[in-house]
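**Q** sequence first, then the predicted structure:
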Amino acid sequence: MSALAVEGLTKRFGERLALNAVGFSVEPGELFAYLGPNGSGKTTTIRILTRLTRPTSGRVLLEGRDLLAEGPAAVRRVGLVPQTLNLDRDLTVRDNLDLHGRFFGMPKARRRERIAELLAYAGLEDRAASPVKELSGGLQRRVMIIRALVHEPRILFLDEPSIGLDPAIRRQIWALIKKIQKGGTTVFLTTHYIEEAEQLADRVAFLCEGRLTAIDTPARFIAAIGRWAVDPAAGEGMEPLYFNDRRAAIAAAQAGEGGFRLRAVNLEDAFLRLTGKRVTS
Amino acid sequence: MSHQIWAVYLRELKILKTRLPMTLAAAGVTPLLYFVAFGMALGGGMTVDGEDYLRFLLPGLVALSSTTQAFSIAGEINIARFYWKVFEEIQASPVRDWAYVAGETLAGVTRGLMAAVGILALGRLFGVHLGLGPFFWMAVLLNSLVFSALAVALAMWVKEHATQMLLNTFFITPMAFLGDTFFPLDRLPQGLQAVLYALPITHASRAIRRAALGGTTDPIALALLALMFAVFFFLATRLVQAARD
């Protein structure tokens, strides 16, 4: 049974179609990334999958049970790390984690035990008594991630988990997400960072203008295009040339006029090839 | 469900604790000014309905302060919703909509009761003693419940914090002044009296004053407050549901 199965998910905001009959499934223990440019419908999907927004139509099965029909208790199996920092800034890290456990009805003893585990897990034991407002953005993001794990969800949703963080902190967040997956939690993350999807995801879904274009592993997406790309230095709208053989790529780069740049093919190339648009546009 | 109500309430208590001195000072300064300006300077030596004006005024100030402080929970909800987005954290949990409303309402009631106690202490300081029997506390409690539930409903209804500020300016402040708090309603034109009679604070002031000065109660006022509380609580729950777009 899939950890998550989504069928024909559609969301309209008035005249605007934010999601257009999206369907996919996520296997237990998988790290599934939803890649798309800003405004493509990533956050809308996560909001529906965590019951924050009602879909216009479609079905969401969480471990085989209808998430939308099940009522508020269904979210006990779901953890959410939203894109915006939404901690109680005046309260301490421990208070934030404890309140989360209380919202989910966890007994006191289990709550305490779990909070101690997670603080150690994220290396935040020495900051437990600090007010959140005194923490850096990277540490606040870590608190948000472990807060979503307090109630031991089966699937963790992360909406752009490393947005706005510098590259070094971003890598720390990636390491934490990988650790969570290795612990057995299914992870669903949205991103518009190519490298994030490539580094973390077992499978990637391309979302463009509310429509799911393709789903595959990063390696297969890339292999379908070639290993090397040659970017024309001039001409913004010009598409890169793709090669499987490095020598052929170098030869093509040298033969061109005006200078070419040789690089490894990445998911952006696959996205561009399949949707005609750039993720970073 | 009680643990859900307690969790929402506890969160507000913890936030209140982090800024308690500031909140108490802010809650006390306006009534103190009213007490000195209207009660002592303007109304000194005056009697209203056979009572010394300070004794007449103090129950009105209890109604006014419990109203504004209970209603101030709307500001906290707005901050959590529009600025810190913490409301989303609660929405994404199994907390039921009505349990959320109940928790926030209790937090407003706590602020309302704290304000009432503060005003009474202020009155004692100036030698004004009121009867503080069960009818008095029942009226203060009902008034706080009404305005807390109304605050939750309006905080869910507004789309931005600025609208909330407008509601305070154009609705709560005039009501707090005109609702039988500083002077008896019968001193106003008939038409205006009819309008003011529909406001909850008018009934709260009357019930609080009657219990504080005579030890009796106004059952109709209490029943109306209870009815208004039920309506506002229901409305708030529906508006929390509607917040899921």
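**A** Perfect, I can see it now.

**Q** show me where chain A has strands.
**A** Assigned by DSSP state E, chain A shows strands spanning A:4-13, A:16-26, A:31-35, A:57-62, A:65-66, A:78-81, A:155-159, A:186-191, A:203-208, A:211-216, A:228-232, A:241-243, A:260-264.

**Q** who wins for proximity to residue B:126 among those?
**A** With distances scored as C-beta to C-beta, the stretch of the strands of chain A nearest to residue B:126 is strand A:78-81 (52.8 Å). No exception for glycine: its C-beta is placed from N, CA and C like everyone else's.

**Q** okay, now the sheet partners of the closest one, with direction.
**A** Using DSSP bridges, the strands paired with strand A:78-81 are strand A:155-159 (parallel).

**Q** helices along the stretch 1-150 of chain A, start to end?
**A** Per DSSP state H, counting those that start in this stretch, the stretch 1-150 of chain A has helices spanning A:42-49, A:67-70, A:93-103, A:108-121, A:137-147. These are given in chain order.

**Q** actually chain B, not the one I typed
**A** Secondary structure of chain B by DSSP state H: the helices cover B:2-18, B:20-34, B:53-71, B:73-78, B:86-91, B:97-125, B:134-157, B:161-167, B:173-178, B:190-197, B:200-214, B:219-242.

**Q** wait, residue B:88 touches residue A:86, no?
**A** Yes - judged on C-beta atoms under 8 Å, residue B:88 makes contact with residue A:86 at a distance of 5.6 Å.

**Q** which residue of the two possesses the greater neighbour count?
**A** Each of residue B:88 and residue A:86 had its neighbours counted (other C-beta atoms under 10 Å in any protein chain shown), and the higher figure belongs to residue A:86 (23 against 19).

**Q** residue B:5 and residue B:11, how far apart?
**A** Using C-beta to C-beta, to the nearest Å, residue B:5 is found at 11 Å from residue B:11.

**Q** overlap in contacts of the two?
**A** Residues touching both residue B:5 and residue B:11 (C-beta atoms under 8 Å, 6 or more residues apart in numbering or on different chains) are residue B:103.

**Q** which of the two has more neighbours?
**A** Between residue B:5 and residue B:11, counted using other C-beta under 10 Å, residue B:11 has the larger neighbour count: 26 against 20.

**Q** how much space between the more buried one and residue A:131?
**A** Remark: distance between residue B:11 and residue A:131 (C-beta to C-beta) = 15 Å.

**Q** what do you get for residue A:109?
**A** From residue A:109 across to residue A:131, the span is 26 Å (C-beta to C-beta).

**Q** neighbour-wise, which of those two wins?
**A** Relative neighbour count places residue A:131 above the other of residue A:109 and residue A:131, with 17 against 8, counting by other C-beta under 10 Å.

**Q** thinking the more buried one is in contact with residue A:90, fair?
**A** Yes - when contacts are counted by C-beta under 8 Å, residue A:131 is listed as touching residue A:90 (6.1 Å).

**Q** nearest spatial neighbour of the closest residue to chain B within the stretch 151-281 of chain A, chain-adjacent residues omitted?
**A** For the stretch 151-281 of chain A, the residue positioned closest to chain B under C-beta to the nearest C-beta is residue A:151, at a distance of 8.2 Å. Using C-beta to C-beta, 6 or more residues apart in numbering or on different chains and skipping the chain neighbours, the partner closest in space to residue A:151 is residue A:104 (3.8 Å).

**Q** per-residue confidence at the residue of the stretch 151-281 of chain A closest to chain B?
**A** Predicted confidence (pLDDT) for residue A:151: 96.

**Q** okay, and for the chain, where does confidence drop off?
**A** You didn't pick a chain, so chain A it is. Scanning chain A for pLDDT under 70 picks out A:233-237, A:256-259, A:281.

**Q** wrong chain, I was asking about chain B
**A** The low-confidence ranges in chain B, as defined by pLDDT under 70, are B:245.

**Q** and the residue nearest the centre of it, how far from residue A:17?
**A** Closest to where the C-alpha atoms of chain B average out (C-alpha atoms, centre = their mean) is residue B:67, at 1.9 Å. Taken as C-beta to C-beta, the spacing of residue B:67 relative to residue A:17 amounts to 46 Å.

**Q** over to residue A:78?
**A** Note on residue A:78: its distance to residue A:17, by C-beta to C-beta, is 25 Å.

**Q** before we move on, what about residue B:154?
**A** Taking C-beta to C-beta as the criterion, residue B:154 is separated from residue A:17 by 33 Å.

**Q** before we move on, what about residue A:93?
**A** Separation of residue A:93 from residue A:17 (C-beta to C-beta) stands at 40 Å.

**Q** cool, and residue A:95?
**A** When distances are taken as C-beta to C-beta, residue A:95 and residue A:17 turn out to be 41 Å apart.

**Q** looking at these two, which is more packed in?
**A** Shown here are residue A:95 and residue A:17; by other C-beta under 10 Å, residue A:95 has more neighbours (21 against 16).

**Q** OK, contacts around that one?
**A** Taking C-beta under 8 Å, 6+ apart, we find residue A:95 in contact with A:88, B:14.

**Q** residues of the stretch 51-200 of chain A that sit close to chain B?
**A** Proximity of the stretch 51-200 of chain A to chain B, by C-beta under 8 Å from any C-beta of the partner chain, involves residues A:51-54, A:72-73, A:75-76, A:78, A:80, A:82, A:84-91, A:95, A:99-100, A:102-105, A:131.
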